[in-house]
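> model the structure of this input:
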Amino acid sequence: MALDLDVKFLKKTNPIIKITFFLALVFPYTLLSQVGVNTTAPKAALDVESTNSGVLIPRVQLTSIIDNTTVVNPNFGALETSTLVYNIGDAGVVPNNVMAGFYYWNNTTPSWIALAGRKIHRTFANHFR
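Here you go, the predicted structure:
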């Protein structure tokens with residue numbers, strides 16, 4: 001009985017409403033998965049436009065360049081290559097130590113790679129070995 005009412009309703013419905021309903025269901029699947037912040041025409045997967053603000057990258061405290069527990073994949077898998085973080089302080093022991101700065105994850109090594117190149121903290125005692 002309910003099916004008969006729905007069919008009768010659709011037969012009586014204005015064709016423009018039918019087309020609008022159809023497009024509302026189909027159109028979202030045809031869009032690209034781009035996100036724009038302060039823009040209506042994103043030019044990349046994430047496009048942030050601003051004349052007076054920056055982007056804040058997640059800040060973490062890594063324990064070494066081989067630290068694979070501080071930053072986690074929200075989908076419970078391995079970290080993706082190119083995951084970007086800002087390490088807030090110095091930690092670890094040479095040669096796996098980290099200093100404050102930007103790091104990205106590299107699954108090939110697997111380790112965190114400093115964006116500005118690898119810096120090694122040396123203590124005064126290390127100079128005499």
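> residue boundaries of the helices in this structure?
For the chain, the helices defined by DSSP state H occupy 2-12, 15-30.
> now the spatially most central residue of the chain: closest residue in space that isn't a chain neighbour?
Taking CA atoms, centre = their mean, the centroid of the chain lies closest to T83, which sits 7.2 Å from it. For T83, ignoring the flanking residues on the chain, the nearest one in space by CB to CB, 6 or more residues apart in numbering is W105 at 4.2 Å. C-beta here means a position set from N, CA and C on the backbone, and glycine is covered the same way.
> okay, now L25: neighbour count?
Neighbours of L25 under the rule other CB atoms under 10 Å: 9.
> ugh, wrong one, I meant L62
25.
> low-scoring stretches of this structure, by residue?
For the chain, the stretches with pLDDT under 70 are 1-13, 26-33, 117-129.
> quick one, longest strand in it?
strand 101-106 (DSSP state E).
> and for stretch 62-73, what are the contacting residues?
58, 60-61, 79-80, 83, 85, 87, 91-93, 96-98, 103, 105, 110-113 (CB atoms under 8 Å, 6 or more residues apart in numbering).
> recalculate using a threshold of 6 Å.
V60, L79, V85, N87, A91, G92, N96, V98, S111, W112 (CB atoms under 6 Å, 6 or more residues apart in numbering).
> how far off centre is it?
16 Å (CA atoms, centre = their mean, to the nearest Å).
> returning to that earlier point: centre of the chain to the longest strand of the chain, how far?
13 Å.
> show me the strands in this protein, by range?
35-37, 46-48, 59-60, 84-87, 101-106, 111-114.
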